[in-house]
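1. no sequence for this one, just the structure:
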């Protein structure tokens, strides 16, 4: 535990941000615990700058004083990357609320770090465009947080992750230097692409203060189909095939009978079929015209397909999605789950899904394993109930299996503090050394999120 | 000019790569001049490693000996970034020819740096996929070169630049360290995204030895339309509209009547219309089913549209494309052109097209300016004839105008040696300082392309 910094540091910060230094312990507490309650930190102060210059001032002052900072957006992370677990000062970016009008000619928008993802999506929609990153936490997650963590979500398959949307960035590096390149030119080969480096760096290299983001044409016609299979390999093979045949595929989600049964036991849902099947694949196609025929054509003749339920109207689509999306809350009724978020190569997905429940049982016989996720990206959410949420035995056995199968220990949640001791399962020693070198270059005094990402 | 290195260095290099050190001046000469003849360098040796370990050995040895290296792929660059203008040793990656089979489950392929772009495209096509980057120099350009320069080309509009295709990379840094992350997982938030940093770094940070690249579903149905307009603003506005309405738009190219007339004067082409129009927009849509109706619908009602020529068959499409693609060779008949490749914000494109010919004339009254390019990306190729190809007056006046309008002095060609003195027109002092810091970190002895990119 870091010793609390000397009192006058708050005076220094007030010289920069005025009254926006929070020291009331009751208010500070709302910034020091994550929303899941798994990560509980402490801090003596939350500083809330209102402009990029104020952010630069705060970073420079903290560097001078040797005070570590934890940048924080909507505090919706899942790996403890935005929680001051070692008494760091919280640097909240919530006041950076500037949201430019959509640039209708470029199809882009510039947003401050504190803009909510949902507000960004609304602004795009109102202007006849769409922002393609979407997450369940859209009403709390911020632009800065989604950029710093390279947020994924349900549409990565079609539009890529957040990094793929970032066409420009403004940030304050750990050195205190502000860098900005918000012109948003699609083609711009004039130097090193530092925005990509900061995107996904989890606040360890610089503080994202604004982003220029690409928008995509809206696709008003949606069709959802749930496909039923007898085996996971059949479902995985089908996911590969529909991905290749349907450029307009926006989602391809796997869930299993056990998960659907749990969902049904918790709340009434419209199940896709009267009969039960072992494995389900939810696919969604979105296009500028009705894609139902394309979907039907792509699905027709898929090996091992046992049944199909199609919905084109909003209500029917929502019913089908509910079967998948209700997994999280249904699992939560069993107690706080141990949540892991991993990627497997498509060729190893089936083996992983088959092996992981017994691997977990081997170290935690009382555990139940729930598997679902964005199978079109190889991304599986592993939820384990019946064990403590921070049970390291589960981490170790699952991550070791992931690594053995050539996967990644973090698909979209990041490394944070939760996974950094396992980083070497996904990254080589020379890569981690490269990370350290880059970190030292951009944050030489190690004041930005010093306890995040690197082991 | 660097003094020639002492003779024994070639012995050291032969210990690593065997006979693959070229010192015969006649053979070396083929590596020291670019294909346009604009950049002529000198070198005492070309070293051609056959594996990543040999590359690492060469880099480490050259670092020890203080010898600068110029990495070279197909030598198809346009800004002198692969030419040893200061006597550097040429590091040719042409022998890194490993090309894995397409991974049909992931829809990805791993290719050595020396694999030709055309060979990569063929391999993808044979396996039922497509590699979405395409350039005129596809039969000479290499995977390593396209990654190192973040090559663009005609399909950036739909699929992004080369950086957007790179899902994994293997490289030897300027330190001599090999880093590799070729697993190709779509979602993998486990650390800093160094592949994006190396992509587009023009060989100044590391030597790309292999890349894992995403493939896309093939889109066998193509429709091309040339649209005629009276004014550039009408054409630009139309390009914005079709881009928003047609997710399947793969190309959106501008050319002008003066260019078409020059093309027609050099060789017979099938012009799209009997009548002449001041401005043309070539659009191509590619999809998994016939997109002709979609294109017709999107075009219908475009403001200022004077005429449309549509082609769905291969011959007709090629005829329409020829009007645009023949610009380069037609312009070359007027003598070696001064070639500039810039991006403008879409909102400033019309003003740029209108102002640049008179701006050039003001400093070079004898000059003719030819404008065409990938207007859907804001990317205009400015060709100036009637002046020396390296006439700095032209650079200065065009780049200054580009910067004043918020554009980029290099869209897809990079900075190389040709544009580095102008880099500060597109990048701020703090960004250039950041570039220098990153360069120093990854190439501390400044042995990789020391005369490229940074001013």
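-> Yes, it's here. Please read these numbers as outputs of a predicted model, since none were measured by experiment.
2. name the element the closest residue to chain B within the stretch 101-250 of chain A belongs to?
-> Closest residue of the stretch 101-250 of chain A to chain B, CB to the nearest CB: residue A:196 (3.3 Å). C-betas here are computed from N, CA, C, even on glycine. Assessed by DSSP states H and E, residue A:196 sits inside helix A:194-198.
3. what does the average pLDDT come to for that helix?
-> The pLDDT scores in helix A:194-198 average 98.
4. Next: stretch A:332-349.
-> So the average pLDDT for stretch A:332-349 ends up being 92.
5. now swap in stretch A:260-272 and tell me
-> Regarding stretch A:260-272, the rounded mean pLDDT is 94.
6. which of the residues in it are buried?
-> A:260, A:262-264, A:266, A:269, A:271-272 (16 or more other CB atoms under 10 Å in any protein chain shown).
7. Might you quantify the distance of it from its chain's geometric centre?
-> 26 Å (CA atoms, centre = their mean, to the nearest Å).
8. Please apply the same query to stretch A:440-454.
-> Centroid separation for stretch A:440-454 versus its chain: 21 Å, with CA atoms, centre = their mean.
9. Then stretch A:247-262?
-> The answer for stretch A:247-262 is 18 Å, by CA atoms, centre = their mean.
10. so for stretch A:425-433, what's the average pLDDT?
-> Here the average pLDDT along stretch A:425-433 is 97.
11. residues in contact with it?
-> A:399-400, A:402-403, A:407-410, A:423-424, A:435, A:454-455, B:177-181, B:188, B:190-191, B:194 (CB atoms under 8 Å, 6 or more residues apart in numbering or on different chains).
12. ok, and for that stretch, which residues are buried?
-> Quick answer for stretch A:425-433 (16+ other CB under 10 Å): A:425-427, A:431-432.
13. Among those, which one sits closest to chain B?
-> Each of the buried residues of stretch A:425-433 was scored against chain B by CB to the nearest CB, and residue A:426 proved nearest at 4.4 Å.
14. ok, for that closest one, nearest residue in space, not its chain neighbours?
-> residue B:190 (4.4 Å; CB to CB, 6 or more residues apart in numbering or on different chains).
15. so what's that neighbour up against?
-> Contacts of residue B:190 (CB under 8 Å, 6+ apart): A:408-410, A:415, A:419, A:423, A:426-427.
16. In helices only, show me the residues you listed.
-> A:423, A:426 (DSSP state H).
17. Dump the contacts of residue B:190 into CSV; add distance to residue A:202 as well.
-> Converted to CSV, the contacts of residue B:190 look like this (distance: CB to CB, whole Å):
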residue, distance to residue A:202
A:408, 15
A:409, 14
A:410, 10
A:415, 7
A:419, 11
A:423, 12
A:426, 14
A:427, 14
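18. Go ahead and build a ChimeraX selection from the buried members of the contacts of residue B:190.
-> Buried subset of the contacts of residue B:190, written as a ChimeraX selection, criterion 16+ other CB under 10 Å:
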select /A:408,409,410,415,419,423,426,427
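19. Kindly indicate which of the contacts of residue B:190 lies nearest residue A:89.
-> Ranked by distance to residue A:89 (CB to CB), these are led by residue A:415 at 21.4 Å.
20. can you give me phi and psi for that closest one?
-> The phi/psi pair for residue A:415 (degrees, to the nearest 10) reads phi -100, psi -40.
21. Apart from its neighbours in sequence, what residue is nearest it?
-> residue A:453 (4.8 Å).
22. ditto for residue A:421
-> In space, residue A:421 is closest to residue A:455, 5.9 Å off (CB to CB, 6+ apart).
23. doesn't residue A:415 make contact with the one you found?
-> No - the pair residue A:455 and residue A:415 does not pass the contact test of CB atoms under 8 Å, sitting 9.1 Å apart.
24. Please enumerate the shared neighbours of the two.
-> With CB under 8 Å, 6+ apart, residue A:455 and residue A:415 have common neighbours residue A:423.
25. what's in contact with stretch A:388-406?
-> So stretch A:388-406 is contacted by A:36, A:38, A:336-340, A:342-345, A:348, A:351-352, A:355-356, A:359-360, A:362-364, A:367, A:382, A:384, A:387, A:408-409, A:419, A:422, A:425-426, B:183 (CB under 8 Å, 6+ apart).
26. So for that stretch, mean pLDDT?
-> pLDDT averaged over stretch A:388-406 gives 91.
27. May I see the buried residues of that stretch?
-> Buried, per 16+ other CB under 10 Å, within stretch A:388-406: A:391, A:393-395, A:397-399, A:401-403, A:405.
28. cool, and stretch A:234-241?
-> In stretch A:234-241, counting by 16+ other CB under 10 Å, buried: A:234-241.
29. so what's the residue nearest in space to the middle of chain A closest to, chain neighbours aside?
-> Most central in chain A under CA atoms, centre = their mean is residue A:151, positioned 3.6 Å from the mean C-alpha point. Leaving aside its chain neighbours, residue A:151 sits nearest to residue A:162 (4.8 Å; criterion: CB to CB, 6+ apart).
30. pretty sure residue A:150 is in a strand, no?
-> No - counting by DSSP: H, G, I helix; E, B strand; the rest coil, residue A:150 is not part of a strand but coil.
31. wait, it sits on residue B:189?
-> Yes - here residue A:150 reaches residue B:189: they are 5.5 Å apart, a contact under CB under 8 Å.
32. now do the same end-to-end measure for stretch A:409-421.
-> Chord length of stretch A:409-421, first to last residue, is 11 Å (CA to CA, to the nearest Å).
33. can you check stretch A:61-81 too?
-> Terminal residues of stretch A:61-81 lie 22 Å apart, using CA to CA.
34. Check stretch A:28-45 too.
-> End residues of stretch A:28-45 are separated by 7 Å (CA to CA).
35. model confidence over it, on average?
-> On average, stretch A:28-45 scores 91.
36. Other residues contacting it?
-> Residues outside stretch A:28-45 that contact it (CB under 8 Å, 6+ apart) are A:1, A:4-5, A:9-10, A:13, A:21-23, A:46, A:70, A:72, A:75-78, A:80, A:82-90, A:92, A:140, A:336, A:339, A:389-390, A:417-418.
37. Filter those down to just the buried residues.
-> A:5, A:9-10, A:13, A:21-22, A:46, A:70, A:72, A:75-78, A:80, A:82-85, A:87-90, A:92, A:140, A:339, A:417-418.
38. The host helix or strand of residue A:293: what's the following helix or strand?
-> If you go by DSSP H and E, residue A:293 is part of helix A:292-299. Going down the chain from helix A:292-299, the next helix or strand is strand A:305-311, by DSSP H and E.
39. tell me what that next one is packed against?
-> Other elements packing on strand A:305-311 under the criterion 3 or more CB pairs under 8 Å, 6 or more residues apart in numbering or on different chains; DSSP states H and E are strand A:221-229, helix A:292-299, helix A:314-325.
40. Would you mind finding the most buried of these?
-> Across these, the average number of neighbours (mean count of other CB atoms under 10 Å in any protein chain shown) peaks for strand A:221-229, which reaches a mean of 23.
41. Give me the sheet partners of that one and which way each runs.
-> strand A:279-287 (antiparallel), strand A:305-311 (antiparallel) (DSSP bridges).
42. Quick check: bridge partners of the closest residue to residue A:335 other than its chain neighbours?
-> Leaving aside its sequence neighbours, residue A:335 sits nearest to residue A:385 (CB to CB, 6+ apart; 5.9 Å). Applying DSSP bridges to residue A:385 gives these bridge partners: residue A:368.
43. Would you agree residue A:385 is in contact with residue A:364?
-> No - counting by CB under 8 Å, residue A:385 does not reach residue A:364; the two are 10.3 Å apart.
44. tell me the contacts of the residue of the stretch 251-400 of chain A found nearest chain B?
-> Proximity of the stretch 251-400 of chain A to chain B (CB to the nearest CB) peaks at residue A:346, 4.1 Å away. By CB under 8 Å, 6+ apart, the contact list for residue A:346 reads A:236, A:239-240, A:378, B:105-106.
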